[in-house]
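Peer 1: Got a sequence here, can you model it:
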Amino acid sequence: MTATTTQPDKNGFQAGAWHFAALLGGNAALALGPWLVRLADTGPVSAGFWRLFLPIPLIALLAWRGRSPGPLDRKLALLVLMAGVFFALDIASWHVGIERTRLGNATLFGNAGSLILMVWGLVALRRAPSWREGLGVLAALVGAAILLGRSLEISATNFVGDLFCLAAGLFYAFYLLPAQRARASLGQWSVLLLVCLAASPVLLGIALAAGEPIWPGEAGWTPVLLLALSSQVIGQGLLVFALRHFPPLIIGMALLTQPALAATIGWLVFGEMLVPMDILGMALVAAALVLARSSPPVRAPNARSDH
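Peer 2: Numbers count the residues shown, from 1 in each chain. Okay, here's the model as predicted:
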């Protein structure tokens, strides 16, 4: 047995060193997003527009190469386009929140979609939560309360930023439900292409309505180009390659590299110091995300949340 191969386990997962590196690399690339949003001088929602619009030609090529045989399911494609609208609202809310709160908070709350999906599944199936699910919800509530309270102590702006990021997590959950249903039939890159095509004009419209600058200013094109490359191409591409090889618990734990790296960048670049209460709140929310992703599926069929 080499370092890059392993025997499949009883669940059918077969991961090697390259898959694990891709899993960590994809999360690390996505963690750079909040920093790049701040560096861009286009306005936060405009940065989201460029993030989705610029990679469309490359994503279209990848979608064409990985297309499924047979005609396109138009109803499913329309469902994905509707999901793209929710993804646009997710990006808009998250990018606005990034400008107003700490990077660690923004990344944690922005990834709350998996926890929201778990709660939604429990409600939809009308059953009580297991001990793991109940513990996850409790940890999320306590951790979020600590982080929100700390943000309110710092300033009202930080508190509002946290709320925007929490709203982004809610929108992301509504995006995931139809998008995950379509991925099995249309393919990952085809779904991502349709989402980008639907979300880009919505983001542009929101940015114009908000009076944001659309074109890059003194900072130039570098931040928005890096944002598009790291979030939509490298991050998504590495995760597409890696996710199917790991169980949900490993995926949930790897997800935690995003808030950890974002908090580190916030400290080193923007001086966003963390006190013990901040660390406790982040640890509780992070634990809740891991518990949500590692819990047995409770959602309706074809509505998985393997982000």
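Peer 1: Helices of the stretch 1-150 of the chain, residue ranges please.
Peer 2: Along the stretch 1-150 of the chain, the stretches classed as helices by DSSP state H, counting those that start in this stretch are 17-31, 33-39, 44-53, 56-65, 74-100, 103-110, 113-125, 131-154.
Peer 1: do the same with the stretch 201-307 of the chain
Peer 2: Chain-ordered helices for the stretch 201-307 of the chain, with DSSP H, counting those that start in this stretch as the definition, fall at 222-227, 236-242, 248-255, 257-270, 276-294.
Peer 1: Would you single out the least confident of the ones you listed?
Peer 2: When the helices of the stretch 201-307 of the chain are compared on average pLDDT, helix 248-255 comes out lowest at a mean of 74.
Peer 1: Mind putting the helices of the stretch 201-307 of the chain into CSV with mean neighbour count?
Peer 2: Where you see a C-beta, it was placed from the backbone N, CA and C, and this is true even at glycine. Conversion of the helices of the stretch 201-307 of the chain to CSV gives the following (neighbours: other CB atoms under 10 Å):
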stretch, mean neighbour count
helix 222-227, 20
helix 236-242, 20
helix 248-255, 20
helix 257-270, 19
helix 276-294, 20
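Peer 1: now for the ones you listed, which one comes closest to Thr101?
Peer 2: For these, proximity to Thr101 was assessed by CB to CB; helix 257-270 is nearest, at 9.6 Å.
Peer 1: buried stuff in stretch 140-155?
Peer 2: Of the residues in stretch 140-155, those buried by neighbour count under the rule 16 or more other CB atoms under 10 Å are Ala140, Gly143, Ala144, Ile146, Leu147, Leu148, Arg150, Ser151.
Peer 1: I'd like to know which of those is nearest to Ala184.
Peer 2: Ala184 lies nearest to Ala140 out of the buried residues of stretch 140-155, by CB to CB, at 28.5 Å.
Peer 1: check contacts around the closest one.
Peer 2: Counting by CB atoms under 8 Å, 6 or more residues apart in numbering, Ala140 makes contact with Ala112, Leu115, Leu284, Val285, Ala288, Leu289, Ala292.
Peer 1: which of the helices of the stretch 1-150 of the chain is buried the deepest?
Peer 2: Comparing these by mean neighbour count (mean count of other CB atoms under 10 Å), helix 103-110 comes out on top with a mean of 29.
Peer 1: Restricting to C-alpha, output that helix in CSV.
Peer 2: This file holds the C-alpha atoms of helix 103-110, laid out as CSV (Å, rounded to 0.1, in the frame of the first residue of the first chain):
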residue,chain,number,x,y,z
LEU,A,103,-13.4,37.5,9.3
GLY,A,104,-13.7,34.5,11.7
ASN,A,105,-17.3,35.3,12.6
ALA,A,106,-18.2,35.9,8.9
THR,A,107,-16.8,32.5,7.8
LEU,A,108,-18.5,30.6,10.7
PHE,A,109,-21.9,32.2,10.3
GLY,A,110,-21.7,32.0,6.5
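Peer 1: Mean confidence (pLDDT) on stretch 117-129, please.
Peer 2: For stretch 117-129, the mean confidence score works out to 71.
Peer 1: wait, doesn't Pro223 sit right on Leu36?
Peer 2: Yes. Counting by CB atoms under 8 Å, Pro223 does reach Leu36; the two are 5.1 Å apart.
Peer 1: And the residue nearest the centre of this structure?
Peer 2: Asn111 (5.2 Å; CA atoms, centre = their mean).
Peer 1: mind checking how far that residue is from Lys75?
Peer 2: Spatial separation of Asn111 from Lys75 under the definition CB to CB, to the nearest Å is 30 Å.
Peer 1: cool, and Leu176?
Peer 2: When CB to CB is applied, the distance between Leu176 and Lys75 equals 19 Å.
Peer 1: Quick check: the residue nearest to the centre of the chain vs Ala288, distance?
Peer 2: As defined by CB to CB, Asn111 lies at a distance of 10 Å from Ala288.
Peer 1: And the pLDDT for Thr42?
Peer 2: Here, the pLDDT recorded for Thr42 equals 94.
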